[in-house]
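A.B. asks: how would this look folded up:
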Amino acid sequence: MGNTGCGTKTGLKAFQDNWQRPFQAAFSDKVCVDAARLYMGEWAAAFGRQEATHSGTFMGVAPTGKRINIRYMDFWKVEDGKITDNWVMVDFPHVLVQLGIDVFDGEGWEAFDRGEKMPPRPNDRNTASREGATQWR
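C.D. replies: Numbering: from 1, shown residues only. Prediction:
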């Protein structure tokens, strides 16, 4: 199970054919940097980044030769010593912006953080909502 762009793979062969090999074809010289590994019961997780060179086509983007960071979160369910479930989240918008593609077309919320745009607020529909909204402004 994964975020949009990852797809859902069932079984080791599907993972290897439809995730691992395309990823290896798109990125070379990879270094995995785990920020943390966590374990709880039958679940294990890791998050961090892979540093890699964009050396093959990735999501339609021709190789750029750029060295990039690929942020991820990975969760595994382990039963009887075998991985039986795997949830992966890869920050594809961050990968693509490093390759020169802004999937949000300048509308990402980072513009709020930089003070370039004002964040929208819920519409005031009645007095109660206006009073509640005033508390949070």
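A.B. asks: quick one: low-confidence parts of the protein?
C.D. replies: 1-3, 124-137 (pLDDT under 70).
A.B. asks: ok, now which ones touch the residue most central in space within it?
C.D. replies: By C-alpha atoms, centre = their mean, the chain has its centre lying nearest to Asp91, at 2.0 Å. Asp91 sits next to 70-72 when contact means C-beta atoms under 8 Å, 6 or more residues apart in numbering. C-beta: built from backbone N, CA, C; applies to glycine.
A.B. asks: same thing with Thr64?
C.D. replies: Applying C-beta under 8 Å, 6+ apart, we find Thr64 in contact with 54, 99-100.
A.B. asks: redo those as a markdown table? Include distance to Val78 and secondary structure.
C.D. replies: As requested, the contacts of Thr64 are arranged in a markdown table below (distance: C-beta to C-beta, whole Å; DSSP: H, G, I helix; E, B strand; the rest coil):
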| residue | distance to Val78 | secondary structure |
| --- | --- | --- |
| His54 | 32 | strand |
| Leu99 | 34 | coil |
| Gly100 | 39 | coil |
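A.B. asks: any of those buried? List them.
C.D. replies: For the contacts of Thr64, a burial check counting by 16 or more other C-beta atoms under 10 Å picks out His54.
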